[in-house]
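1. Can you look at this prediction? I've put the sequence above it.
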Amino acid sequence: MWRSLFFCVLCLMAPAGFSQLVGAKGEKGDYGSPGMPGQQGSPGLPGRTGVQGYKGDRGFPGVPGIPGPSGTCPQDDIESSCPNVNTLKRAFAMLQLAMNYDFVRRVGQKYFVSYRERGSFSRAVEFCSQKELELALPQNKAENNILTQFFGDVYKMAWIAVNNKKAEGNFGFDMKKRPLTFTKWGEGQPDESIQDTGCTMLSENGVWRVTDECFRNGYIICQI
């Protein structure tokens, strides 16, 4: 009995390479659960400044304002040539009103305004009067040319404030019976065949013509 027990102990103490065979590799185990997020790293260095973009196009110029008074007027100078404050206030108010129109043009100290509406001569006079304005009347070549910018692709005629009563000066006066200081009559104008009432229009080439068809639709342009 003791001999057998001794023999078994020797068997257990024998080298594994001589007494046991290596087993087959086991299957890969499942992935473990994700670990906790690590701490946030330090901020990186700032990036390089990008290349400056191109300069944008220049915007359209605004409508020039009314020139202010030059210098201080003496209070005791009744005959002073300084501008009247009330006049300037009214002019500024009218300029604000002008900005509500669809078309505004300035020539010197005068503004031409329009909604691009058309109507008869009497309608044009009435419309401007209701707005506390006057029907347009060019008083120099620059003003005459600027009015033609109102014309569209089809309609190329506008009413101007020349007196429409031949008996009151043969179309040589404005609507307030003041002598005209500038005219741009076309060939054969004013039309001598018009006996009584005729209305003056500005045509597309900038010349003035008188017509007895005052009911025609012409552009309504007022002036400040």
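-> Received, thanks.

2. low-scoring pLDDT stretches of the chain, where are they?
-> Residues of the chain that meet the criterion pLDDT under 70 lie in 1-22, 59-63, 65-84, 90-91, 93-94, 97-98, 167-170.

3. ok, which stretches of it are helices?
-> Secondary structure of the chain by DSSP state H: the helices cover 2-13, 16-19, 85-98, 121-130, 141-147.

4. Can you give me the distance of Lys108 to Ser114?
-> Careful, residue 108 is Gly and not Lys. 18 Å (Cβ to Cβ, to the nearest Å). All C-beta spots, glycine's among them, are computed from the backbone N, C-alpha and C.

5. Please read the previous query as pertaining to Arg105.
-> 9 Å.

6. Which one's more surrounded, these two?
-> Taking other Cβ atoms under 10 Å, Arg105 and Ser114 do not tie; Ser114 has more neighbours (22 against 18).

7. ok, that one to Leu147 distance?
-> 9 Å.

8. what is in contact with the two at once?
-> Ile221 (Cβ atoms under 8 Å, 6 or more residues apart in numbering).

9. count of residues packed around Asn176?
-> Just to correct that, residue 176 is Lys rather than Asn. Around Lys176 there are 9 other residues, counting by other Cβ under 10 Å.

10. dump the residue contacts of the closest residue to Lys131 other than its chain neighbours.
-> Computed as Cβ to Cβ, 6 or more residues apart in numbering, the closest residue to Lys131 that is not its neighbour in sequence is Cys222, at 6.2 Å. Going by Cβ under 8 Å, 6+ apart, Cys222 touches 112-114, 127-128, 131, 133-136.

11. how does it look with 7 Å?
-> 113-114, 128, 131, 133-136 (Cβ atoms under 7 Å, 6 or more residues apart in numbering).

12. cool, and Glu134?
-> Counting by Cβ under 7 Å, 6+ apart, Glu134 has contacts 128, 161, 222-223.

13. Since that was my last question, I'll sign off now.
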